[in-house]
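K.L.:
build me a model from this:
(one chain, ligands or ions: 2)
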Amino acid sequence: MDKIIVEGGHSLRGDVKISGAKNAALPILASALLSDGWSTYHNVPGLKDIESIRELLAHLCADVESDGNTVRINASRLCETEAPYDLVRKMRASILVLGPLLARLGKARVSLPGGCAIGARPINLHLKGLARLGASIELKHGYVEARADRLIGDDFYFDVPTVTGTENLMMAAVLAEGTTVLRNVAREPEIIALADVLNRMGADVQGAGTSVLTISGVPELKPAEVSIIPDRIEAGTFMVASALTGGDITLTDCEPDHLRAVINKLRQTGAQVETNGKTVRVKGPDEICSVDLKTLPYPGFPTDMQAQFMVLMSVANGMSVISETIFENRFIHVSELRRLGADIRISDNVAVVKGVPLLSGAPVMATDLRASASLILAGLVARRQTEISRVYHLDRGYEAIEKKFSGLGAVIERVR
Ligand SMILES: CC(=O)N[C@H]1[C@@H](OP(=O)(O)OP(=O)(O)OC[C@H]2O[C@@H](n3ccc(=O)[nH]c3=O)[C@H](O)[C@@H]2O)O[C@H](CO)[C@@H](O)[C@@H]1O
Ligand SMILES: C=C(OP(=O)(O)O)C(=O)O
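P.N.:
Residues are numbered from 1 along each chain as shown. Ligands and ions are numbered 1, 2, ... in the order given. Down below sits the predicted model:
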C-alpha cells in the first residue's frame, strides 16, 4: 500500500492549478443516465471516485470513454437496474444513480452506499423524497429497491438540507409528470452546477442556489457538453497550506465566489488573501491568530475544510473552538494530529485546540479523505518526517496531490 512521506519546514511558494470538483463531477456524470446520446464532460478530475462512478455507469450498460480530463458517456443502451455492493460500497456518491435509474427505467436496486466514515450518513430523506414522487421503496438485504411506473411531481420538504439528497431528487424530478417543489434544499455550488447541466439537457429546474427548487417535468432530455466547476475544497486545502507554512501561493482556475467562508476565516487568522477573477493569492502571516469556527451548510464554513483548518489552529497563537455541526463523527483526525504534538480536546461535537509552537513528525494513518489532507498539511509544518499510511483515502478526492505540493516547494514523496 502507498505511503506519503513529508519533510516539514518548507515555506510553499508558486502557482497551483485547481482541478475540477469531485463533488460536482460525480452527480453530473450520473446525470448522463437521463438521456440517450453522447454527453461530454471536460475538466473531470483524475480521481479514484471518478473511476468508481465510471465503473458503475459502465455496469449499468452506459458506454463510457475518457481522454485525459474529458469523459464521454452515452446511456442509450441503459438496461441494468442493479448497482451492486462491490461497486457502491467504496463511494457515497454511488447512491446518485438511484434517482436517474428510477426516472429512466422505472426501477432500481441500489446497495446502501459507503464513503467517508464520518457519521451514520443515512439516506432516509432521499428515500422519503422519492416515495413522495410516487415510488415504492423497500430496504432488503442491504439494498434499496425502488419502483415507479411514472414518477409524479409533488411538494417535498427536507428535514435537513442534504447535498446528495437534493441532487438525487432533482434528477428524479426532471423526468416526472408535472411540477415538483423541493423545499429546504442544499444550496452548495455543486447543486447549481448540476441544475445548470440538467437545464442544458432540456430540463426546467428553477431556484438552484436558493432553498426552494421548482422542477417542471419534461418527457425527455438530450445530451450536453459541459465543463466541471473548480474544486473549492481542493482550493481551500492549498489556501490553508500557504497560511500554515508562511507561504505565498496563487491558485489558478478556481472560483473565489465559492470560497467566501474560507477566505473570511483565513483573513481572520492574519493571512493576506487577494482574489482576482479566477485566481486567489494567499500569503501566510508571520504569526497565525486563533479563530473559532463552526461548520454549516453552504454558504457557511464547509465541513470538508474542518480538518484542514484544525491543523492551522494547532500551530496558531491562542485557543480555538471548532464546532462540527454536520457530521457526528468527523474528528477522527484528532488522535493522529495528537501524535504530531497537537493539543486538542474533544467534547461531543466541539474541539478545543490550543496552539503549540511546533509539531513534530511521526508515523500517522489516514482515516478519511479530508483527514488525510489534514495529515499532509500537518506534515508540512512538522519538524522532521511525517509518514502517512492508508493514502488511498486521499486518492479518492485529490488529483496528483503530492505532485502539486512538490511543485510549490514541499518535500513530499509517495512510496510504494
Ligand atoms: C459526494 C458529496 O457530494 N459529498 C458531500 C456531501 O455528502 P452528503 O450528500 O452525503 O452529505 P449530506 O448533505 O447529505 O449530509 C448533511 C447532513 O444531513 C444528514 N442526512 C443526509 C441525508 C439523509 O437522507 N438524511 C440525513 O439525515 C447527514 O447525516 C448529515 O448530518 O455533502 C457533505 C456536506 O457538505 C460533504 O461533506 C460531502 O463531501
Ligand atoms: C466526505 C467526502 O466525500 P464523500 O461524501 O464521498 O464521502 C468529502 O468529499 O470530503
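
K.L.:
tell me which parts of the protein are close to ligand 1?
P.N.:
23, 26, 92-93, 119, 121-126, 160, 162-165, 186, 303-304, 326-327 (C-beta under 6 Å from any ligand atom). All C-beta atoms are positioned from the backbone trio N, CA, C, and that covers glycine.

K.L.:
and with 5 Å instead?
P.N.:
Contact residues (C-beta under 5 Å from any ligand atom) of the chain with ligand 1: 23, 93, 122-125, 160, 162-165, 303-304.

K.L.:
which one of these sits closest to Val197?
P.N.:
Proximity of these to Val197 was ranked by C-beta to C-beta; the top entry is Asn23 with 13.8 Å.

K.L.:
report how many residues lie close to Ile5.
P.N.:
17 (other C-beta atoms under 10 Å).

K.L.:
so how far is Tyr41 from the residue nearest to Pro297 when sequence neighbours are not counted?
P.N.:
Leaving aside its sequence neighbours, Pro297 sits nearest to Pro161 (C-beta to C-beta, 6 or more residues apart in numbering; 5.0 Å). For Pro161, the distance to Tyr41 equals 26 Å [C-beta to C-beta, to the nearest Å].

K.L.:
which one of these two is surrounded by more residues?
P.N.:
Legend: neighbour count by other C-beta under 10 Å for Pro161 and Tyr41, higher for Tyr41 (24 against 19).

K.L.:
re the thing from before, and the residues of the chain next to ligand 1 as TSV, adding distance to Glu274?
P.N.:
Formatted as TSV, these follow (distance: C-beta to C-beta, whole Å):
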residue	distance to Glu274
Asn23	26
Ala93	33
Pro122	41
Ile123	41
Asn124	43
Leu125	39
Val160	35
Thr162	34
Val163	29
Thr164	34
Gly165	36
Thr303	26
Asp304	23
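
K.L.:
report the buried members of these.
P.N.:
Asn23, Ala93, Ile123, Leu125, Thr162, Val163, Thr164, Gly165, Thr303, Asp304 (16 or more other C-beta atoms under 10 Å).

K.L.:
now, which of these sits nearest ligand 2?
P.N.:
Asp304 (4.0 Å; C-beta to the nearest ligand atom).

K.L.:
what residues are up against the closest one?
P.N.:
Residues near Asp304 by C-beta atoms under 8 Å, 6 or more residues apart in numbering: Ile233, Gly236, Arg370.

K.L.:
and Leu133, what does it touch?
P.N.:
Applying C-beta under 8 Å, 6+ apart, the residues near Leu133 are Ala148, Leu151, Ile152, Gly153, Asp154, Phe156, Leu169, Ala172, Ala173, Ala176, Thr180.

K.L.:
now, these that are in strands?
P.N.:
Phe156, Thr180 (DSSP state E).

K.L.:
so what's Leu394 up against?
P.N.:
Ile4, Ala366, Leu369, Ser372, Ala373, Ile376, Ile401.

K.L.:
go back to those and keep what's next to ligand 2.
P.N.:
Leu369.

K.L.:
farthest-apart pair in the contacts of Leu394, please.
P.N.:
By the measure C-beta to C-beta, Ile4 and Leu369 form the most distant pair in the contacts of Leu394, at 13.7 Å.

K.L.:
helix or strand: which one has Val291?
P.N.:
Element membership of Val291, judged by DSSP states H and E, is empty: it is in no helix or strand.

K.L.:
am I right that it is in contact with Asn264?
P.N.:
No: using C-beta atoms under 8 Å, Val291 is not in contact with Asn264; the gap is 9.6 Å.

K.L.:
quick revisit: from the contacts of Leu133, pick the one nearest Glu220.
P.N.:
Nearest member of the contacts of Leu133 to Glu220, counting by C-beta to C-beta, is Ala176, at 12.4 Å.

K.L.:
count of neighbours near the closest one?
P.N.:
Neighbours of Ala176 (other C-beta under 10 Å): 23.

K.L.:
ok, back up a step: Serialize the contacts of Leu133 to CSV and add fields for pLDDT.
P.N.:
Shown next, in CSV, are the contacts of Leu133 (pLDDT from 0 to 100):
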residue, pLDDT
Ala148, 96
Leu151, 97
Ile152, 98
Gly153, 98
Asp154, 98
Phe156, 98
Leu169, 98
Ala172, 98
Ala173, 98
Ala176, 98
Thr180, 98
